[in-house]
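Peer 1: Here is a sequence together with a model predicted from it:
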Amino acid sequence: MSYLMILILLRLLPATEQTSDVLPKETRPAGFSAPGNFMIGGLFPIHKGVEKPTHLSQPQDSTCIGFSTAGVIQSLAMIHAIETVNGSPLLARLGVTLGYKIHDTCSDVTTALRATDDFTQDHCSSTMDFTTVDKCSQPSTAVIGAYYSEMSIAVARELNLELIPQVSYASTADILSDKSRFPAFSRTVPSDMHQTSAMVKLLQENKWTWVGVVTTDGDYGRSALDSFLSQAFQAGICVAFKEIFPDSVTNTKKLQFAVSRIIQTLHTNTKVRVVVSFAKPEHMSRLFRGLLDQSDTNRRLWVASDNWSTSPKVVTHEELYRIGWVVGFSFESRDVTPFKEFLKNLEFDSAAQKNSSFLKEFYSTFTNNSKEQVSMTTENLITSTDAGNVFSIQMAVNAIAQAVAKLCSNRNCTTPGAIQPWELLPELRNSTYEMDGTSYTFDENGDVNLGYQISLWSATGQSVQTLNVVSLYHQQNSSLTSANLKLSVTSKCSNSCNPGQFKKSAEGQHTCCYDCIECAENQFSNGTDMDQCYSCNNILEWAEPGSSTCKPKALEFFSWNDGFAMFLLTLAALGVAVVFLMSFLFLWHRDSPVVKAAGGPLCQLILFSLVGSFVSSVFFVGKPTDIQCKVRQVLYSLSFTLCVSCILVKSLKILLAFQMKPLSRLYKPYIIVCFCVLVQGANCTWWLILFSPHKTSVINTNTILEECHEGSYVAFGSVFGYIALLALVCFIFAFRGRKLPEKYNEAKFITFGMLVYLMAWVIFIPVYVTTAGKYLPAVEMVVILISNYAILCCHFFPKCYAFIFRRMYNTRADFMRNVYEYSTKGASSLGDLILPEVYKSAENLYTVSKLPHLFPGSTEFKQRWEPTAPPARTQEKPKLSLKRTLSI
């Protein structure tokens, strides 16, 4: 390209960027062209729009307005890429070159379709040399473009008629991946589906769930909006509003109305701090100006699509801070330094100006062609270069060139028409081509395997830097690299629900607008913004309302460390110690009248049973086991049955001696005791075999109670009812012997002891039935200790007192005197005597004295008190009183 041609282009750019009124309003023909064996068409937005006609009388070409720097750079990138491949060994060894015809679409579909007609016409003769191609209209072998998806869709439908391969460098609408409708279309950029997926992942990672969307009313904008809404919904991101710009940027009135409406929407939705935009650069520039003019102080995060993510002139470096932050998604790019060098080294070549019709149109407007002016404007072009677009254009040219080279390797391509466009299509679609050592391919949808760069705009000096890459999106696995995006931006409709809460949305509301409700009891949520609470394992875990985790249920039982348990165990240990002490005292005084009158060996048997009873209480403490549950009840029931049986025998002994003499021969104490214990043993055996007590767990709200289950409460009641029956018989016997001689009269002690036992167990029944929890074993343990201590206090403490403090009464003589005094009392004082007549004489006193089990030291008694013959004179003898019972 000539230096003068570029100068005219560059001189035009500043003026057209500022105002479209400087540009002429007449119709312009197509731009650049160059001859070659294979013509490549190019469609680029050299202008930003077309002038709306005042009236429609007949078909006519539109007038292009608003010169675009970006469009010029893109067309120059195609020229540079074609010149590069023409000079490479790839085509040079085959003796063929690529030519080009570049048309200006004026960012208008109709204008693009008119340009497409030039690509499909063929008026060249097969005998013509390619150097004379400018004298005829040679059809294009392939077309590169267009920039906007709406134009690519329209152009693709026309190119489909001839199956001319079309390779777009920027159109990303997802609909273009449908090969049933666009079989000849390919592109060197990813589909919008991947761009919107990358945007949603970015929003999701940063928990920006309440966003707005602005887009352009066109195929690209609508397609991108639909794709974004679909993926955002699946990711739990809510769109607060959707605003659409008119597609045209030249209808000022309509555009201004849209800008005002969008600004009002932004002011209404104050919680929306993140806005996703698929609009054009011109739309965003007007929107930012409108916000700044209204002194909007809300800084927002703007997520820019590839449509404007690399357009630094949207805002100035001073305005960037006021509007907030811009995060742009742009196509992956490589080093484009050779292209920038190409721009620097442009030279005057007036012969090349004939290839640019629109340059000829403006050539006469320039008067100053100094090198300084050209250098300054060239630098402006370099700084405005979008590396992503340039790289995509280079990829498109290289893909076409490599496909041509493959076909020409097997045929002579120096003659026109050697390759038909449809022959190029399968080679282009199925081949792998390389650029700078990297391989690229088109997939089955005609899309290239590229990802996105994510950049955070920054103000550097007097300019805006748009390629400050902070993350990458990989199309192959749809993932983002770790983003270095540290922004204090919160965009949520509702504040996050903390762990222990769940989100509850009102009917008709967005799912992102919700109330935070605490989890119910035994439910939890362990993350933020959870949609529901999860249930705990009700058997092993529990949770308070509003919990973020389940707690293991505490294992509860009557523990050894419990203060009450330690107190009861201390009483049990003390009782065992007292029993052993008393056993020692009774053994030491085993020949004394007190011990013999109390039952002699039976006392040791009672004390032994009390040891077992005290020991049984220990099994009520600690974590229950099956063995422990069985042992504790059986040991106590057998031990206390033995104890009560011995007391029963003692009560029966005195009663037989003084009131039931004829039955005295039936008095077999040890047989009676064994029989009573055997009955209880049979009772316990039946209980253990059929309804054995066992360990069980009671699941409570926040605890697991480990306790013993008695197996059968009928069996439990029968075992303890049997002991109560024996105690009741003892009580009756003791009551009947209440008027016996004082030394033998333990009725008050037996009566009181049995009464305490019966009362304790009567109280135990309702308390045991109504009590639940770990202290249930303590209830029975308390009753056992009360029963044991009642026996000790009533039966053994008085004897011990006599051993230690009343030794003078612990003699045979004192016992004999007591019996004699009792027997010689007058009948008037014994009105309630009910003994038979046999006991009413001195002879009967002699007979009673013969009972060795009743009177201690009976030999001495006979020597001192037995008469040698019956008295001569008969007189009425006093009856024996039974005012007191004998103790065991």
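Peer 2: Looks like it arrived, so ask away. In this text the structure is predicted, and so the values were computed from the model without any measurement.

Peer 1: Within the helices and strands, which one has Gly36?
Peer 2: Under DSSP states H and E, no helix or strand contains Gly36.

Peer 1: Does it touch Glu83 like I think?
Peer 2: No: with contact defined as CB atoms under 8 Å, Gly36 does not count as touching Glu83 (10.5 Å). The way it works is simple: take the backbone N, C-alpha and C, and place the C-beta from them, glycine included.

Peer 1: who has more neighbours, those two?
Peer 2: Using other CB atoms under 10 Å, the more surrounded residue of Gly36 and Glu83 is Gly36, with 21 against 17.

Peer 1: Okay, the more buried one and Pro165: tell me how far apart.
Peer 2: Separation of Gly36 from Pro165 (CB to CB, to the nearest Å): 16 Å.

Peer 1: Spell out the residue ranges of the helices in the stretch 351-500 of the chain.
Peer 2: Ranges of helices in the stretch 351-500 of the chain, per DSSP state H, counting those that start in this stretch, are 357-363, 371-383, 387-408, 421-430.

Peer 1: I'd like to know which of these is closest to Met530.
Peer 2: Proximity to Met530 (CB to CB) singles out helix 387-408 among these, at 39.7 Å.

Peer 1: Buried residues in the closest one, which are they?
Peer 2: Within helix 387-408, the residues scored as buried using 16 or more other CB atoms under 10 Å are 387-405, 407-408.

Peer 1: what's the angle between it and helix 421-430?
Peer 2: Going by axes from the mean of the first three to the mean of the last three CA atoms, to 10 degrees, helix 387-408 is angled at 120 degrees with respect to helix 421-430.

Peer 1: could you give the mean pLDDT of helix 387-408?
Peer 2: In this model, helix 387-408 has an average pLDDT of 92.

Peer 1: still on that earlier bit, with respect to Gly721, which of the helices of the stretch 351-500 of the chain lies nearest?
Peer 2: Proximity to Gly721 (CB to CB) singles out helix 387-408 among the helices of the stretch 351-500 of the chain, at 95.9 Å.

Peer 1: Run the chain-centre distance for the closest one.
Peer 2: Relative to the chain's own centre, helix 387-408 is displaced by 50 Å; criterion: CA atoms, centre = their mean, to the nearest Å.

Peer 1: Could you count how many residues lie near the closest residue to Val143 other than its chain neighbours?
Peer 2: Once flanking residues are discounted, Val143 sits nearest to Gly41: 3.9 Å by CB to CB, 6 or more residues apart in numbering. Look at Gly41: counted by other CB under 10 Å, it has 28 neighbours.

Peer 1: all helices of the stretch 1-150 of the chain, in order?
Peer 2: Going by DSSP H, counting those that start in this stretch, the stretch 1-150 of the chain shows helices at 3-18, 69-86, 89-92, 109-120, 149-159.

Peer 1: which stretch among those comes nearest Arg736?
Peer 2: Arg736 lies closest to helix 149-159 among the helices of the stretch 1-150 of the chain, at 116.2 Å (CB to CB).

Peer 1: what's the angle from that closest one to helix 421-430?
Peer 2: Using the same axes, to 10 degrees: helix 149-159 against helix 421-430 is 130 degrees.

Peer 1: what pairs with the helix or strand following helix 149-159, and is each one parallel or antiparallel?
Peer 2: Toward the C-terminal end, the helix or strand that comes next after helix 149-159 (DSSP H and E) is strand 166-168. According to DSSP bridges, strand 166-168 forms sheet pairs with strand 142-144 (parallel), strand 185-187 (parallel).

Peer 1: Please indicate which of the ones you listed has the most neighbours on average?
Peer 2: Neighbour counts (mean count of other CB atoms under 10 Å) averaged over each of these peak at strand 142-144, with a mean of 30.

Peer 1: picking that back up, the strands paired with strand 166-168 into a markdown table, with extra columns for distance to Thr701 and mean pLDDT?
Peer 2: Putting the strands paired with strand 166-168 into a markdown table (distance: least, CB to CB, whole Å; pLDDT from 0 to 100) gives the following:
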| stretch | distance to Thr701 | mean pLDDT |
| --- | --- | --- |
| strand 142-144 | 73 | 96 |
| strand 185-187 | 64 | 94 |
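
Peer 1: nearest to Cys413, of the ones you listed?
Peer 2: Comparing the strands paired with strand 166-168 by CB to CB, strand 142-144 comes nearest, at 14.1 Å.

Peer 1: what comes into contact with that closest one?
Peer 2: For strand 142-144, contacts defined as CB atoms under 8 Å, 6 or more residues apart in numbering pick out 38, 40-43, 78, 116, 119, 155, 159, 164-169, 393, 396-397, 400, 421, 424, 428.

Peer 1: rerun at 6 Å
Peer 2: Ile40, Gly41, Gly42, Phe119, Pro165, Gln166, Val167, Ala396, Ile400 (CB atoms under 6 Å, 6 or more residues apart in numbering).

Peer 1: Past the helix of greatest length in the chain, which element shows up next along the chain?
Peer 2: Taking DSSP state H as the criterion, the chain has its longest helix at helix 626-658. Following helix 626-658 in sequence order, the next helix or strand is helix 669-690 (DSSP H and E).

Peer 1: picking that back up, tell me the least confident of the contacts of strand 142-144?
Peer 2: Across the contacts of strand 142-144, the member with the lowest pLDDT is Phe119, scoring 88.

Peer 1: contacting residues for that residue?
Peer 2: Contacts of Phe119 were listed using CB under 6 Å, 6+ apart, and they are Gly41, Ser140, Val143.

Peer 1: Nice, that's everything, thank you.
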